[in-house]
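Participant: My questions concern the predicted model and sequence given below.
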Amino acid sequence: MTKLLIGSAAGFSGDRTDAARAVVDTMIRMGGPAALIFETLAERTLALAQLAKQADPDAGYEPLLVDMVSPILATCLAHRIPIVSNFGAANPAGAARRIHRIAVEQGLRAPRIAVVSGDDIADATGRARLQAELGERFEADRFVCANVYIGAQAIADALRAGADIVVCGRVADPSLTLGPALAHFGWAMDDWDRLARATMAGHLLECGAQVTGGYFADPGYKDVPDVANVGYPIIELEDSGDFVIGKSEPTGGVVDTRTVKEQLLYELHDPAAYLTPDVTADISEAEVRQIGPNRVAVTGIKGHPRPSHLKANIFSEGGWFSEAEISYAGPGAGARARLAMQILQQRLPQLHMRFDLIGVSSLFDNDGNDTLKDVSATRLQAATDVRLRAACAHEDRATAALLPRELNALYTCGPAGGGGVRTSMRTRLNATSCLLPRDAVSEQFAFVEA
């Protein structure tokens, strides 16, 4: 069959909203069937979306949905380029309704929007299964939500049924690519090699500009041209499942064997057994070849039967999280920042606080501040630009609020020369995971009317 083009216009929630235009225009110039994906959902993102939905039942989907979809909706509808995304987050139906309003606002025909469901298992049946699996780890009185990573089947079914847009919640990231591939090529759900190849194509697409030189860039070691205008990736997928990856043009960035290998290995625990809801992918014998400027062919990927269980993420109420920062500069900055830390420790013994002396010790420390304890007086003396960060979590809001109050008091209570205070507080969710039998989860789609 005719090859399928699949472009990625986002790799996380909050990604650039001007990327999609170049991706769509490039696919149109290349010609042939195409699909556009936005990958915007991570565990933390979904937790934040659940909190947003708690506060407002109409919220809970990608905050930048309008900015992402508006610039390319008319073009995608006109050129029959379906949009597939997990930007539904905690409220896929709400996202679908908002897209319908965008179409009305732009004077477009009403798009056929399918919403994929089945990932949300917060109902009574889902809770009972989670209780049985987690036992005492399941906090029924603090339970907020639970979502399962589902696969590509419902996406494919929706596209076959004529969907212009498929809005998902917690589907696995590579499934956003596999779904259009299944709908286009008609592969069987046990054609493991083809499923694995399209899954790894999706794995390359799922983080947007990571594979086109963005996250790859390291000046003097891994130089990337015009990275400020980095293009986003496009896959040319064959019926065999083999593919070529390139990027939108004209843009900056680079696609070469190094960028592709980095992204292939990204987040893979076992390259011979990458577990997804759809297939177990094996890249241990994959071949990555440069076949032209910004064109890399990937072959040799194998597939094995999909796992018998699916991963579920469970979120429960986690109290409050507060953090506060203050800067010190000039001679003695390190010593003054450490003194400020000691003052907070003495005045707030009821809090377990994480401290960072940014500029001296932060990135490689832990919540026990073990690295900070070993910082020498010489290093502190040499530091002339230090920012103290303190953070804590607590069940009680009033207790958590003591940290930003006390740090703010350092302005005049000393030590000398502190400034640039910033504080924040927010509710917190705790997360745990487990595996559920595949037959405990039912994924399906339904069209949402305007």
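Facilitator: That came through fine. Computed from a predicted structure; not experimentally measured.
Participant: Please point out which parts of whichever strand in the chain runs longest sit buried.
Facilitator: In the chain, with assignment by DSSP state E, the single longest strand is strand 309-329. Within strand 309-329, the residues scored as buried using 16 or more other Cβ atoms under 10 Å are 309-316, 318-329. Heads up, the C-betas are built off the backbone N, CA and C, glycines and all.
Participant: For the helix or strand of the chain with the lowest mean pLDDT, buried residues please.
Facilitator: Every helix and strand of the chain was ranked by mean pLDDT, DSSP states H and E. The lowest is helix 370-373, at a mean of 72. Neighbour counts over helix 370-373 (16+ other Cβ under 10 Å) mark 371, 372 as buried.
Participant: Low-confidence stretches in the stretch 1-150 of the chain?
Facilitator: Within the stretch 1-150 of the chain, the ranges that satisfy pLDDT under 70 run 1.
Participant: Residue 432 contacts residue 136, correct?
Facilitator: No: Residue 432 is beyond contact range of residue 136, at 11.5 Å (criterion: Cβ atoms under 8 Å).
Participant: quick one, which of the two is more surrounded?
Facilitator: Set side by side, residue 432 and residue 136 show more neighbours around residue 432, with 15 against 6, by other Cβ atoms under 10 Å.
Participant: Give the helix, strand or coil label for the more buried one.
Facilitator: Going by DSSP: H, G, I helix; E, B strand; the rest coil, the secondary structure assigned to residue 432 is strand.
Participant: wait, what's in contact with the nearest residue in space to it that is not next to it in sequence?
Facilitator: Excluding the flanking residues, the one nearest residue 432 by Cβ to Cβ, 6 or more residues apart in numbering is residue 314, at 5.2 Å. Counting by Cβ atoms under 8 Å, 6 or more residues apart in numbering, residue 314 makes contact with 130, 134, 138, 143, 145, 146, 431, 432, 433, 434.
Participant: what does residue 407 give?
Facilitator: Residue 407 touches 324, 325, 326, 340, 344, 388, 390, 421, 423, counting by Cβ under 8 Å, 6+ apart.
Participant: among those residues, which two are most distant?
Facilitator: Across those, the longest distance by Cβ to Cβ is 13.9 Å; it joins 340 and 423.
Participant: more neighbours, those two?
Facilitator: Between residue 340 and residue 423, counted using other Cβ under 10 Å, residue 340 has the larger neighbour count: 23 against 16.
Participant: Next up, the contacts around that one.
Facilitator: Taking Cβ under 8 Å, 6+ apart as the criterion, residue 340 is in contact with 326, 328, 388, 407, 410, 415, 418.
Participant: Over to residue 357?
Facilitator: By Cβ under 8 Å, 6+ apart, the neighbours of residue 357 are 334, 337, 338, 341, 372, 375, 383, 386, 387, 388.
Participant: Contacts for the next helix or strand after the least confident helix or strand of the chain next, please.
Facilitator: Moving toward the C-terminus from helix 370-373, the next helix or strand (DSSP states H and E) is helix 377-382. Helix 377-382 is touched from outside by 332, 334, 335, 338, 360, with contacts defined as Cβ under 8 Å, 6+ apart.
Participant: Give the buried subset of the residues you listed as a PyMOL selection command.
Facilitator: Here is the PyMOL command that selects the buried residues among these (16+ other Cβ under 10 Å):
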select buried, resi 332+334+335+338+360
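Participant: ok, so of the contacts of helix 377-382, who is nearest residue 241?
Facilitator: Nearest to residue 241 among the contacts of helix 377-382, counting by Cβ to Cβ, is residue 360 at 50.3 Å.
Participant: show me what contacts that closest one?
Facilitator: Taking Cβ under 8 Å, 6+ apart, we find residue 360 in contact with 334, 337, 375, 379, 380, 383, 386.
Participant: cool, and residue 168?
Facilitator: Residue 168 makes contact with 84, 85, 86, 88, 92, 115, 116, 119, 155, 176, according to Cβ under 8 Å, 6+ apart.
Participant: Quick check: the gap between it and residue 65.
Facilitator: Remark: distance between residue 168 and residue 65 (Cβ to Cβ, to the nearest Å) = 13 Å.
Participant: So for the helix or strand that contains residue 244, mean pLDDT?
Facilitator: Element membership for residue 244 (DSSP H and E) is strand 243-247. Strand 243-247 shows a mean pLDDT of 98.
Participant: now the contacts of residue 314: which count as buried?
Facilitator: 130, 134, 138, 143, 145, 146, 434.
Participant: Is the second one in a helix, a strand, or coil?
Facilitator: Put simply, residue 134 is helix when judged by three-state DSSP.
Participant: per-residue pLDDT, the nearest residue to it once chain neighbours are set aside?
Facilitator: Excluding the flanking residues, the one nearest residue 134 by Cβ to Cβ, 6+ apart is residue 434, at 5.7 Å. Note for residue 434: predicted pLDDT of 95.
Participant: For residue 148, see how far away residue 434 is.
Facilitator: 10 Å.
Participant: so residue 147 sits right up against residue 46, yeah?
Facilitator: Yes: contact status for residue 147 versus residue 46: in contact at 6.3 Å, counting by Cβ under 8 Å.
Participant: on that earlier part again, out of the contacts of residue 168, who's nearest residue 439?
Facilitator: For these, the minimum distance to residue 439 (Cβ to Cβ) is 15.3 Å, reached by residue 119.
Participant: hang on, the closest one packs against residue 148?
Facilitator: Yes: the pair residue 119 and residue 148 qualifies as a contact (Cβ under 8 Å) at a distance of 5.1 Å.
Participant: Spell out, range by range, the helices that occur in the stretch 351-450 of the chain.
Facilitator: 370-373, 377-382, 397-400, 402-413 (DSSP state H, counting those that start in this stretch).
Participant: Okay, domains of the chain per the record?
Facilitator: Per automatic domain parsing, the structural domains of the chain span 4-307, 317-430.
Participant: now the ones you listed in a markdown table, with distance to residue 449?
Facilitator: Formatted as a markdown table, the domains of the chain follow (distance: least, Cβ to Cβ, whole Å):
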| stretch | distance to residue 449 |
| --- | --- |
| domain 4-307 | 8 |
| domain 317-430 | 33 |
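Participant: ok, and which of these has the densest surroundings?
Facilitator: Mean neighbour count (mean count of other Cβ atoms under 10 Å) peaks for domain 4-307 among the domains of the chain, with a mean of 20.
Participant: So which residues of the stretch 201-350 of the chain form strands?
Facilitator: 233-237, 243-247, 274-275, 280-282, 287-292, 295-299, 302-304, 309-329 (DSSP state E, counting those that start in this stretch).
Participant: Is it possible to get a markdown table of these that adds distance to residue 263?
Facilitator: Output for the strands of the stretch 201-350 of the chain, formatted as a markdown table (distance: least, Cβ to Cβ, whole Å):
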| stretch | distance to residue 263 |
| --- | --- |
| strand 233-237 | 9 |
| strand 243-247 | 9 |
| strand 274-275 | 13 |
| strand 280-282 | 14 |
| strand 287-292 | 10 |
| strand 295-299 | 10 |
| strand 302-304 | 19 |
| strand 309-329 | 21 |
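Participant: Perfect, I'm done here.
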